[in-house]
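3D, please:
(2 chains)
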Amino acid sequence: MKRWPSLTLFTVILFALWLLLNDSLAPGQLLLGLILTVVITASTAAIRPLRAHPHHLLTALGLFFVVLIDIIRSNIAVAGIILGPAKRRFSSGFMKIPLDLRDPYGLAALACIITATPGTVWAGLSPDGGTLTIHVLDLQDEGAWVRTIKQRYERRLMEIFE
Amino acid sequence: MTMDEIPFWADLLGSLLLISGSLLTLIGSLGLLRLPNLFSRMHGITLGNTLGLGCVLLASILIASIYAERFVFQEVLITLFMISTSPVTTILLMRSGIYRKRADTGKKPEAGQDTN
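So this is what the prediction gives:
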């Protein structure tokens, strides 16, 4: 039964969401939440044909903080570019990054991370899944962007999802 | 409940968070004016979506927790929904921008710095 870990994780997350939405730990809410999450998990299992198998939850926690720090840093960087001289504002462009990550959930997470971080937006994946195109606001040093995405995000996502 | 019940430090911290959040969002929107093309303008808006929103939510958590006299962190849900939904529309916008550019110029935008 390899599918159980992800099912239980999904249930736990839904349950926590329900309690947080209602902002209460009353027995009635606990019971209602429990019934709802189990029913929803069971009934939507069929429309999620691919199961995620996340492991190394500690790595996931580490990734969360890495992304948090990067979001704060790039917020400041992008604000600087917008307020800065024209030369830096006109150095945006597309670039390609070779990708080793193949798991669809990992790729979805990577798309969210790259797009949520100011300064980079996911622009597409080649049909074979091996090359990622991103749009970068500050395209001065392509090597630095490749290193950031491969070492800070992709390596951890591969640990989590593959 | 009166405003006097909020201690000075929380008042100050909350205001600072609100102001920096709004400033970041304002700078991001300013990017619409100052950046040269569609693709680079998309980056500016992200400021308000991420740290701008984050600062406002932190201020909300702080003040709400003091009012309720317990830790209120429902605001975390807003971040969660924002992080899982806003990239979808951003990527859609990016894709449609690429297709429009391809329709205009007859070829895909190349890697390398944008030509304006």
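
just checking, what packs against the top helix by length along chain B?
Scanning chain B for the helix with the most residues, using DSSP state H, yields helix B:75-105. Counting contacts by 3 or more C-beta pairs under 8 Å, 6 or more residues apart in numbering or on different chains; DSSP states H and E, helix B:75-105 is packed against helix A:4-22, helix A:104-116, strand A:120-125, helix B:38-47, helix B:53-68. Glycine gets a C-beta too; all of them are placed from N, C-alpha and C.

chain center to it, what's the gap?
Taking the mean C-alpha point of helix B:75-105 and that of its whole chain, the gap between them comes to 13 Å (C-alpha atoms, centre = their mean, to the nearest Å).

Okay, buried residues for that helix please.
Within helix B:75-105, the residues scored as buried using 16 or more other C-beta atoms under 10 Å in any protein chain shown are B:75, B:82-83, B:86-87, B:90-91, B:94, B:97-98, B:101.

OK, contacts around the most centrally placed residue in chain A?
Relative to the mean C-alpha position of chain A, the nearest C-alpha, by C-alpha atoms, centre = their mean, is the one of A:Ala109, at 2.8 Å. Under the criterion of C-beta atoms under 8 Å, 6 or more residues apart in numbering or on different chains, the contact partners of A:Ala109 comprise A:157, A:161.

Please apply the same query to the one 5 residues further on.
A:Ile114 makes contact with A:120-122, A:134, A:149, A:153 under the criterion C-beta under 8 Å, 6+ apart.

a markdown table for those, including distance to B:Leu47, neighbour count and pLDDT?
Conversion of the contacts of A:Ile114 to a markdown table gives the following (distance: C-beta to C-beta, whole Å; neighbours: other C-beta atoms under 10 Å in any protein chain shown; pLDDT from 0 to 100):
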| residue | distance to B:Leu47 | neighbour count | pLDDT |
| --- | --- | --- | --- |
| A:Thr120 | 13 | 24 | 91 |
| A:Val121 | 13 | 27 | 92 |
| A:Trp122 | 17 | 22 | 92 |
| A:Ile134 | 18 | 23 | 92 |
| A:Ile149 | 20 | 20 | 91 |
| A:Tyr153 | 20 | 21 | 92 |
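
which one of those residues is nearest A:Phe94?
A:Phe94 has its nearest neighbour among the contacts of A:Ile114 in A:Ile134, at 7.2 Å by C-beta to C-beta.

Please parse chain A into its domains.
Structurally, chain A divides into domains by automatic domain parsing as follows: A:4-47, A:57-161.

looking at those domains, which one has the lowest mean pLDDT?
Mean pLDDT per stretch puts domain A:4-47 lowest among the domains of chain A, at a mean of 82.

And the longest helix along chain A, what does it pack against?
Longest helix of chain A, by residue count under DSSP H: helix A:57-83. On a contact count with 3+ C-beta pairs under 8 Å, 6+ apart, helix A:57-83 meets helix A:86-89, helix A:104-116, helix A:155-161, helix B:8-34, helix B:38-47.

Please identify the buried residues of the fourth one?
When you say that, I think you mean helix B:8-34. B:10, B:14, B:17-18, B:20-21, B:24-25, B:27-28, B:31, B:34.

what sits opposite A:Thr133 in the beta ladder?
Beta-bridge pairing of A:Thr133 under DSSP bridges involves A:Lys96, A:Gly124.

Now do the same contact list for it.
Residues near A:Thr133 by C-beta under 8 Å, 6+ apart: A:94-97, A:123-126, B:111.

Among these, name the buried ones.
Neighbour counting with 16+ other C-beta under 10 Å marks A:94-97, A:123-124 as buried within the contacts of A:Thr133.

So which of those is the closest to A:Leu58?
If you rank these by distance to A:Leu58 using C-beta to C-beta, A:Ile97 comes first, at 26.1 Å.

wouldn't the closest one be in contact with A:Arg147 here?
No: using C-beta atoms under 8 Å as the test, A:Ile97 is too far from A:Arg147 to be in contact (10.0 Å).

Switch the contacts of A:Thr133 over to a markdown table; also include distance to A:Asp138.
Formatted as a markdown table, the contacts of A:Thr133 follow (distance: C-beta to C-beta, whole Å):
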| residue | distance to A:Asp138 |
| --- | --- |
| A:Phe94 | 13 |
| A:Met95 | 11 |
| A:Lys96 | 17 |
| A:Ile97 | 15 |
| A:Ala123 | 15 |
| A:Gly124 | 20 |
| A:Leu125 | 22 |
| A:Ser126 | 24 |
| B:Ala111 | 15 |
